[in-house]
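> 3D model of this:
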Amino acid sequence: MTTSIALWFEHLAGKHWHNDLRLHIGRHRHTCDSYYLTLESRHLGANLARLLEQWIDQVNELKGAGGTAYLPYDFSDQCTAWLRVSSTDGHTTVIEAGWSLIEAWGIDPSDYRATAPDVTDFEPIANARIECSLDDLATHIALNRGSFATLRH
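Numbering: from 1, shown residues only. The predicted model follows:
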């Protein structure tokens, strides 16, 4: 198991609903809001854990067969930010952060997978890219998910 993958999601202590989440991917940092994640339930920790559980499911589906999955991390009124996880061999992956013009109000964060196939306008963010194995990525996301278990918001 590796913990050295340069990808993690964090809640910024002392902040609520706006500029309170940060995604780290490589050397890139992206600050975003938890607002849309708390519309269904005010329990941010559980909502973030559920989001990352969906990420894990999608990463696991790429194992063996390969393909591309889109994992949302920033939900805004006029656009959304996603991680594009691409694997050609079902074992290794390239992960890129980027944008889509899909608006957050049309997405259910607790079941975003219905919207993920609609990400056809993905625009990568320069220098927001890493490579690793799919196994390590799934393990790393699971560790990150666990960090939200006690978060109350």
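
> list the buried residues in the biggest helix by length in the chain.
Longest helix in the chain, counting residues (DSSP state H): helix 44-62. Going by neighbour count (16 or more other C-beta atoms under 10 Å), the buried part of helix 44-62 is 44-52, 54-56, 58-59, 62. Just so you know, the C-beta spots here come from the backbone N, C-alpha and C atoms, and that holds for glycine as well.

> next one: stretch 131-143
Buried residues in stretch 131-143 (16+ other C-beta under 10 Å): C132, S133, L134, D135, D136, L137, A138, T139, H140, I141.

> tell me the angle the strand or helix carrying the fourth one makes with helix 44-62.
Taking DSSP states H and E as the definition, D135 sits inside helix 134-146. With axes from the mean of the first three to the mean of the last three C-alpha atoms, to 10 degrees as the criterion, the two stretches helix 134-146 and helix 44-62 enclose an angle of 170 degrees.

> what lies in contact with helix 134-146?
With C-beta atoms under 8 Å, 6 or more residues apart in numbering as the contact definition, helix 134-146 has outside contacts at 1-3, 5, 7-9, 48-49, 52-53, 55-56, 59-60, 62-63, 85, 87, 90-93, 95, 132.
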